[in-house]
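Participant: Sequence and predicted structure, then a few things I'm wondering about:
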Amino acid sequence: MKKKLKGVCVGVGYFAQFHYEAWARIPEVEILALCDLRLEEATEVARKWEIGVVYTDFEKMLDEQKPDFIDIITPPQTHLDIVKAAAKRGVNIICQKPLAPSLEEARGLVETAEKHNVRLMIHENWRFQPWYRQIKSLLDTNEIGEQLFYAYFRMRMGDGWQSDAYMDRQPYFRDMPRLLIYETGIHFIDTFRYLFGEVVEVYAKLRRYNSEIKGEDAALVQLTFESGQMVCLDANRYNESNVTNSRYTFGELLIEGSEGSIRLQGDGGITVQPLGLPERAVSYEPSKHSFAGDCVYQTQLHFVRSMLLDQPFETNGAWYLRNIEVQEAIYESGASGLPVSV
């Protein structure tokens, strides 16, 4: 990969720091400029990461810089307008999730990129966490058998019980009418599809434990897959985990198959327990750098490699729309109290 891609970024909010740090470590990328309406904050970010030009108008930035790609790190309600501006100029796109406020708008966003023949990747980074890449390898080699029966993921973030919950990091969480599934559960939907295949039915119970916020902060979701496998997501942001860093793996995972079990621990450790044999640790070294196993870097590295080698993105627009369809089915099930086919 000798060619260097020239990029621009929009957004300097909380999570943007992980994007800028990751771009700085990829030698095949040069970030030419960044944009945000908050000029003072944007200037400080540009100074930190040695980015030469700061804008408050993203269309002006696109016109003047003429980049190969744009990294969109802004709230979901802004994504469609930025994608339209980039796409009509022939600029390729990597865009943070949630992709859009609604499934209809997400479809319009993907259609816009397709219409202008620009490449679109959704920055869905959880599947790039090192433990999931390792688990995927174990599943692909039938480490616990050809047939998977069941998986259970338990998440307890402990950042949502306070009266001022989320104010220190992402205060807009408090006013989101949809929170846990829309903001966090979508990660699990994508990761489960990456590991287990296509979802055909969901059944969900959604709850709000913290009365100071608007959206749901707890969920019990059962997903049924084409293979017949069932997966349970047991998640809330209210109660606390007993691990040192609840934002490392975000929880614990159990996968059961016809010949044994795989377990992911909160510290990133993975074990395999074949039927009738002792449990053994899987030897690998998950990164402790940056966010959640350095998954932002791995996500953006995948984007760069796919661009330079003209290979498909794992999380392209068409793939990601299916995630949102599953998400919408979960909300429908939560409202109706009934299983919903996807």
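Facilitator: Ah, there it is.

Participant: Just to check, Gln170 is in contact with Ala16?
Facilitator: No - if you go by Cβ atoms under 8 Å, Gln170 and Ala16 don't touch, sitting 11.7 Å apart. (Glycine included, C-beta is placed from N, CA and C.)

Participant: more neighbours, those two?
Facilitator: Ala16 (21 against 15; other Cβ atoms under 10 Å).

Participant: how about the more buried one, what does it touch?
Facilitator: 9, 45, 73 (Cβ atoms under 8 Å, 6 or more residues apart in numbering).

Participant: Just the element for the first one, please.
Facilitator: Same thing as Cys9. strand 5-10 (DSSP states H and E).

Participant: May I see the buried residues of the biggest helix by length in the chain?
Facilitator: Scanning the chain for the helix with the most residues, using DSSP state H, yields helix 317-336. Buried positions in helix 317-336, judged by neighbour count with 16 or more other Cβ atoms under 10 Å: 317, 319-321, 323-324, 326-331, 333-334.

Participant: One more: stretch 289-301?
Facilitator: Buried, per 16+ other Cβ under 10 Å, within stretch 289-301: 290-301.

Participant: Export the buried residues of helix 317-336 as JSON lines, with columns for distance to Gly215 and pLDDT.
Facilitator: Converted to JSON lines, these look like this (distance: Cβ to Cβ, whole Å; pLDDT from 0 to 100):
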{"residue": "Gly317", "distance to Gly215": "25", "pLDDT": "98"}
{"residue": "Trp319", "distance to Gly215": "25", "pLDDT": "97"}
{"residue": "Tyr320", "distance to Gly215": "21", "pLDDT": "98"}
{"residue": "Leu321", "distance to Gly215": "22", "pLDDT": "98"}
{"residue": "Asn323", "distance to Gly215": "18", "pLDDT": "98"}
{"residue": "Ile324", "distance to Gly215": "17", "pLDDT": "98"}
{"residue": "Val326", "distance to Gly215": "18", "pLDDT": "98"}
{"residue": "Gln327", "distance to Gly215": "13", "pLDDT": "98"}
{"residue": "Glu328", "distance to Gly215": "15", "pLDDT": "98"}
{"residue": "Ala329", "distance to Gly215": "18", "pLDDT": "98"}
{"residue": "Ile330", "distance to Gly215": "13", "pLDDT": "98"}
{"residue": "Tyr331", "distance to Gly215": "11", "pLDDT": "98"}
{"residue": "Ser333", "distance to Gly215": "16", "pLDDT": "98"}
{"residue": "Gly334", "distance to Gly215": "12", "pLDDT": "98"}
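
Participant: Confirm Ile255 sits in a strand?
Facilitator: Yes - assessed by DSSP: H, G, I helix; E, B strand; the rest coil, Ile255 belongs to a strand.

Participant: mind listing what it touches?
Facilitator: 135, 139, 144, 148, 150-151, 195, 261-263.

Participant: same question, His116
Facilitator: Contacts for His116 (Cβ under 8 Å, 6+ apart) come out as 87-88, 90.

Participant: Just the buried subset of the contacts of Ala16, please.
Facilitator: Applying 16+ other Cβ under 10 Å to these flags 9, 45, 73 as buried.

Participant: Among the buried residues of stretch 289-301, list the two that are farthest apart in space.
Facilitator: Ala292 and Leu301 (14.9 Å; Cβ to Cβ).

Participant: SS state for the residue of the chain positioned farthest from its centre?
Facilitator: Relative to the mean C-alpha coordinate of the chain, counting by Cα atoms, centre = their mean, the farthest residue is Gly276 (36.4 Å). At Gly276 the chain is in coil, as set by three-state DSSP.

Participant: do Ala219 as well
Facilitator: From three-state DSSP, the assignment for Ala219 is strand.

Participant: Run a quick neighbour tally on the closest residue in space to Gln147 that isn't next to it in sequence.
Facilitator: Nearest non-adjacent residue to Gln147, counting by Cβ to Cβ, 6 or more residues apart in numbering: Ser258, 4.1 Å away. A count of nearby residues for Ser258, using other Cβ under 10 Å, gives 12.

Participant: ditto for the one 3 residues further on
Facilitator: A count of nearby residues for Ser261, using other Cβ under 10 Å, gives 20.

Participant: In which helix or strand does it reside?
Facilitator: Counting by DSSP H and E, Ser261 is part of strand 260-264.

Participant: residues in contact with that strand?
Facilitator: Under Cβ under 8 Å, 6+ apart, the answer for strand 260-264 is 131, 135, 138-139, 143-145, 249, 252-255, 270-275, 277, 279.

Participant: Send me the strand holding Cys9 as PDB with only the CA atoms.
Facilitator: C-alpha atoms of strand 5-10 as PDB (Å, rounded to 0.1, in the frame of the first residue of the first chain):
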ATOM      1  CA  LEU A   5      -5.100   8.700   0.900                       C
ATOM      2  CA  LYS A   6      -6.000  12.300   1.600                       C
ATOM      3  CA  GLY A   7      -8.900  12.700   4.100                       C
ATOM      4  CA  VAL A   8     -10.900  15.300   5.900                       C
ATOM      5  CA  CYS A   9     -12.900  15.000   9.100                       C
ATOM      6  CA  VAL A  10     -16.200  16.500  10.400                       C
END
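
Participant: Cheers, nothing more for now.
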